[in-house]
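Q: structure of the sequence below:
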Amino acid sequence: MKTSKKSVVGLAKVSTQLNGGKQKNKQRYKCNSCSILFTFHNQSVQESNRFIWFEKWIIKRRTIQEISKESGYSVRTLKRYFDNYLSKPPRLSVYPSEKVNLLIDATYFSNGICLVLYRDATIKFTQLYRLTNGEHYLEIKEDLENLLALGVQIESITSDGHKSILKAVKKVIPNVILQRCLVHIQRDCRIWLTKHPKSFAGQDLKKITSEMHLITSHFQLSFWLLKLHNWYEKYKGYINEKSYNLETGRYWYTHKMVRRSFMSIKRALPNMFHYLDNPRIPKSTNSIESFFGHMKGHLNIHRGLSYTHRKQYIMWYLYFKNKT
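A: Have a look, this model is predicted:
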């Protein structure tokens with residue numbers, strides 16, 4: 001017998017609780033007028049309990065088998081419930097605020113899924129996301145325009161320097177403070193220079209790049225810039241040296257990886273140290289990279305999800321994380 005919460009009160013007046021009478025751990029009752037045996041069933045409470053198990057499955061690193069043992073539901077039943085919830089992903093609510101220090105970064109999942117995330121670094125809140133197949137200028141441009149239209153006042157943007165992001169920011173918010181991620185610059189230079197550079201120029205430049213994330217004051221920055229300038233004066237002939245390439249039929253830089261490392265720092269230099277003037281500005285995208293890592297760790301537990309369900313899982317994960 002299914003009843004609402006209000007009708008339970010009324011039925012209690014015309015029914016008798018059976019001592020020791022239970023069915024599936026639920027108390028049984030007997031109608032005083034017709035002697036029919038029944039149990040109360042509250043649909044809203046049951047739905048709420050099911051959703052709690054679904055939330056644990058999303059963000060508590062629980063497999064469906066573990067939840068089955070804890071909840072008493074069969075694996076097959078839980079899959080049916082969870083598939084229903086997954087098919088109705090929620091929408092994030094934008095948190096309009098002033099002086100938002102935005103982190104923009106993207107990560108890739110299997111099946112060609114790319115998640116572009118726009119995250120408030122101060123309150124650890126995902127303002128917007130896009131599930132797509134890559135970092136595209138027009139999509140990022142549209143996302144930034146939507147954030148502004150929804151009342152998010154952006155003070156700064158920290159990114160890894162992807163061309164699509166830089167171009168979109170320059171188009172939509174040309175006057176915003178753009179902070180380049182120092183960790184990404186260091187990582188790129190480490191790759192190009194290799195772990196053990198063979199040239200003295202590469203060895204010296206690697207030492208200089210390894211110090212950039214340790215700069216915490218303008219005084220330290222002055223000394224670091226002086227080191228970089230002295231390095232260039234010492235090795236500018238070396239990095240500008242050219243050789244003839246038989247394959248392309250033209251001259252090109254002989255020591256291109258050392259030059260590439262220096263030029264990447266030189267181009268990013270105007271936007272590398274804004275955090276010294278405003279401590280609210282994050283100097284790297286490490287926090288969002290960590291967020292991506294945790295998300296992928298949770299998703300990997302649920303291997304076997306279809307392409308559609310993987311995307312819906314990500315939507316629910318972002319929703320629950322914003323709630324916390």
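
Q: C-alpha only now, for contacts and for neighbours.
A: OK.

Q: and the protein, what are its domains?
A: According to automatic domain parsing, the chain comprises the domains 1-41, 89-181+284-324, 192-280.

Q: winner for burial among those?
A: Greatest average neighbour count among these goes to domain 89-181+284-324 (a mean of 17), per mean count of other C-alpha atoms under 10 Å.

Q: how long is it end to end?
A: Counting by C-alpha to C-alpha, to the nearest Å, you get 17 Å between the two ends of domain 89-181+284-324.

Q: for residue 49, find the nearest of the domains of the chain.
A: Closest approach to residue 49 among the domains of the chain is made by domain 1-41 (13.0 Å; C-alpha to C-alpha).

Q: can you give the distance of the longest helix along the chain from its chain's centre?
A: Counting by DSSP state H, the longest helix found in the chain is helix 218-239. Offset of helix 218-239 from its chain centre (C-alpha atoms, centre = their mean, to the nearest Å): 36 Å.

Q: what's the per-residue pLDDT of residue 279 here?
A: Residue-level confidence at residue 279 comes out at 93, pLDDT.

Q: what secondary structure does it sit in?
A: Here residue 279 is recorded as coil under DSSP: H, G, I helix; E, B strand; the rest coil.

Q: OK, contacts around the nearest residue to residue 213 once chain neighbours are set aside?
A: Closest residue to residue 213 apart from its sequence neighbours, by C-alpha to C-alpha, 6 or more residues apart in numbering: residue 182 at 6.2 Å. Contacts of residue 182 were listed using C-alpha atoms under 8 Å, 6 or more residues apart in numbering, and they are 212, 213, 272, 283, 284.

Q: go through those and name the one nearest residue 56.
A: So of the contacts of residue 182, ranked by how close each gets to residue 56 (C-alpha to C-alpha), first place is residue 284, at 30.9 Å.

Q: touching, the closest one and residue 185? I think so.
A: No - here residue 284 lies out of contact with residue 185, judged by C-alpha atoms under 8 Å, at a distance of 9.7 Å.

Q: joint contacts of those two?
A: residue 160.

Q: sorry, back to before: what about the domains of the chain, which gets the closest to residue 62?
A: domain 89-181+284-324 (7.9 Å).

Q: pLDDT on that closest one, on average?
A: 93.

Q: tilt between whatever helix or strand residue 267 lives in and helix 218-239?
A: Using DSSP states H and E, residue 267 falls within helix 256-268. Relative orientation of helix 256-268 versus helix 218-239 (axes from the mean of the first three to the mean of the last three C-alpha atoms, to 10 degrees): 140 degrees.

Q: kindly export the helix or strand that helix 256-268 is followed by (C-alpha atoms) in PDB.
A: Next in sequence after helix 256-268, counting helices and strands by DSSP H and E, comes helix 286-301. C-alpha atoms of helix 286-301 as PDB (Å, rounded to 0.1, in the frame of the first residue of the first chain):
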ATOM      1  CA  ASN A 286      48.300  23.900 -10.600                       C
ATOM      2  CA  SER A 287      45.000  24.000  -8.600                       C
ATOM      3  CA  ILE A 288      42.900  23.300 -11.700                       C
ATOM      4  CA  GLU A 289      45.400  20.600 -12.800                       C
ATOM      5  CA  SER A 290      45.000  18.900  -9.500                       C
ATOM      6  CA  PHE A 291      41.200  19.200  -9.900                       C
ATOM      7  CA  PHE A 292      41.400  17.400 -13.200                       C
ATOM      8  CA  GLY A 293      43.600  14.700 -11.700                       C
ATOM      9  CA  HIS A 294      41.000  13.900  -9.000                       C
ATOM     10  CA  MET A 295      38.200  13.900 -11.500                       C
ATOM     11  CA  LYS A 296      40.000  11.500 -13.800                       C
ATOM     12  CA  GLY A 297      40.800   9.300 -10.800                       C
ATOM     13  CA  HIS A 298      37.100   9.100  -9.900                       C
ATOM     14  CA  LEU A 299      36.100   8.500 -13.500                       C
ATOM     15  CA  ASN A 300      38.700   5.700 -14.000                       C
ATOM     16  CA  ILE A 301      37.000   3.700 -11.200                       C
END
